[in-house]
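A.B. asks: fold the following, please.
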Amino acid sequence: MFAKLAASLFALCALTSGVVSKPLPATTDLVVRGGSHSFNNYGGFSSMNNFDNFYGSSNFDNSQFSESSITVVKEQETEVVCHSQSIEIIQQRLLVLQEMAKRIITEQVCEVETQTVVFEQFHSSLHGFSRDLRRFSGRGVGYDSNIASHFSSIVSSDSSISSNDFGFSGSDLGKSYVIPSGNNWDNSRSYGSVGNAYRAARTAVTKF
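C.D. replies: Numbers count the residues shown, from 1 in each chain. Sure thing, here's the model as predicted:
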């Protein structure tokens with residue numbers, strides 16, 4: 001159950017991380033993406049020590065996560081099959097995950113600069129799942145069951161956010177990859193229908 005909740009978070013943020021359809025104003029503060037950008041000790045903040053160790057200085061948004069780094073497994077030797085729930089149930093759980101992400105960042109990071117950088121890393125890394133859903137990435141649409149299994153350990157018995165090391169880094173993502181079956185993807189039509197769904201969702205997004 002926790003693995004499914006954690007996997008669902010990717011779908012929520014994937015909708016909010018796409019590129020807008022109209023050109024941005026010339027006064028935007030966006031910079032050219034990609035390349036090697038080190039954030040180790042950024043701004044002189046001790047909270048940014050070893051920041052690059054998780055994904056790497058040239059892999060800020062984990063865009064280097066590729067099909068070749070995935071090891072597909074089956075949970076408990078049983079095939080995982082999707083089971084449709086009402087959309088309100090899905091939205092409730094995604095909102096819980098959204099607020100938990102905000103709680104982790106605001107309770108466990110005190111420097112607002114670090115809060116900003118780590119959130120942007122988290123947010124931008126989820127765009128990869130949007131590409132998975134649209135079958136652009138070459139990866140199967142799934143999640144890492146080993147990493148998702150730590151979801152229940154995020155909150156301690158006293159309801160505080162835990163602070164123990166789970167023992168993995170960003171480079172471990174994909175080593176226990178589960179691809180649920182049972183969806184309605186059809187190569188003959190789904191590229192078009194999913195593309196239409198993506199554009200409809202992006203059109204509905206309010207530009208902040």
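
A.B. asks: which strand or helix spans Arg199?
C.D. replies: helix 190-204 (DSSP states H and E).

A.B. asks: how much space between the closest residue in space to Asn49 that isn't next to it in sequence and Phe54?
C.D. replies: Computed as Cβ to Cβ, 6 or more residues apart in numbering, the closest residue to Asn49 that is not its neighbour in sequence is Asn41, at 6.1 Å. Backbone N, C-alpha and C define where each C-beta goes, glycine included. Asn41 is 14 Å from Phe54, where distance means Cβ to Cβ, to the nearest Å.

A.B. asks: do Asp132 as well
C.D. replies: Shown here: Asp132 relative to Phe54, a distance of 20 Å by Cβ to Cβ.

A.B. asks: which of the two has more neighbours?
C.D. replies: Asp132 (21 against 15; other Cβ atoms under 10 Å).

A.B. asks: ok, Tyr177 - contacts?
C.D. replies: Each residue near Tyr177 by Cβ atoms under 8 Å, 6 or more residues apart in numbering is listed here: 70-73, 140, 142-145.

A.B. asks: got the phi and psi for it?
C.D. replies: Backbone dihedrals for Tyr177, given as degrees, to the nearest 10, come out at phi -90, psi 130.

A.B. asks: sort out which of the contacts of Tyr177 are in strands and list them.
C.D. replies: Secondary structure assignment by DSSP state E places 143-144 of the contacts of Tyr177 in strands.

A.B. asks: looking at neighbours, which among the contacts of Tyr177 is most surrounded?
C.D. replies: Across the contacts of Tyr177, neighbour numbers were computed from other Cβ under 10 Å; Tyr143 holds the maximum, 24 neighbours.

A.B. asks: what residues are bridge-paired with that one?
C.D. replies: Val178 (DSSP bridges).

A.B. asks: so it sits right up against Val178, yeah?
C.D. replies: Yes. The criterion here is Cβ atoms under 8 Å, and Tyr143 meets it with Val178 at 6.0 Å.
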